[in-house]
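Undergrad: got a sequence here, can you model it:
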Amino acid sequence: MDDTPLQVASVSASTWRDGVDDVVVRALTYPAAPVEGSKARMRTVDLGDLRVALGTGALRFALSLMDGSGRISGRSVFEYLRWSAGERLVGSLGKSYLVLRPDVEGTVSLDGRKRLCLPPGMLRYCGIAHGGQALLIAEPQHRMLIVHSMANLAHMARAYHSEQFEQALRRGM
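TA: Residues are numbered from 1 along each chain as shown. Next up, the predicted model:
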């Protein structure tokens, strides 16, 4: 996997050529830095909290198929998080995964059928292709959803079974 850090720049939609959807541009652009003395704030997710939350929370998992429009359906997971249609979400990118949390200024939302349409750039960064599957992990205490590609799931399974094998070797199988 490429260790090059993701670089994101704020770009006004007016500078883009024809054919680029403003909604996608806004979804992929971080907010501008707050002006000194203003009440504006940057939305950040402390990914250190992610480790703690996943270690203590009552998690729920689902596999979801990504449709041709970049929508994932995870009704049971979304209901577990108490997310409803129209819920606005903000996304933060981890290393090949996505963390979504409710935020009134979020640029992503659940549609009327409780499907989540993710911007193409986020999907590409996470390695999830249209028609592919995604692993959804719901952490209800923080109403947080983590979206992983199947490659991440395979890595998790390999790491788990490798650890089990090493423990068995230490015990003398």
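
Undergrad: mind picking out the helix or strand in this protein with the poorest mean pLDDT?
TA: helix 22-28 (a mean of 44; mean pLDDT, DSSP states H and E).

Undergrad: okay, now the unreliable bits of the protein?
TA: Along the chain, the parts satisfying pLDDT under 70 run over 1-57, 173.

Undergrad: ranges for the helices of it?
TA: 22-28, 47-56, 75-80, 120-126, 150-171 (DSSP state H).

Undergrad: send the alpha carbons of the fourth one over as PDB?
TA: Extracted C-alpha coordinates of helix 120-126, given in PDB (Å, rounded to 0.1, in the frame of the first residue of the first chain):
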ATOM      1  CA  PRO A 120     -16.000   9.000  -5.800                       C
ATOM      2  CA  GLY A 121     -12.800  10.400  -4.300                       C
ATOM      3  CA  MET A 122     -13.500   8.900  -0.900                       C
ATOM      4  CA  LEU A 123     -14.300   5.500  -2.500                       C
ATOM      5  CA  ARG A 124     -11.200   5.600  -4.600                       C
ATOM      6  CA  TYR A 125      -9.000   6.400  -1.600                       C
ATOM      7  CA  CYS A 126     -10.500   3.600   0.400                       C
END
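
Undergrad: which secondary structure elements does it sit against?
TA: helix 22-28, strand 88-93, strand 97-102, strand 144-149 (3 or more C-beta pairs under 8 Å, 6 or more residues apart in numbering; DSSP states H and E). Using the backbone N, CA and C atoms, a C-beta is placed for each residue, glycine as well.

Undergrad: can you list contacts of the last one?
TA: Contacts of strand 144-149 with the rest of the structure, by C-beta atoms under 8 Å, 6 or more residues apart in numbering, involve 50, 53-54, 72, 74, 77-78, 81, 89, 94, 96-101, 118, 126-128, 132, 134-139, 156.
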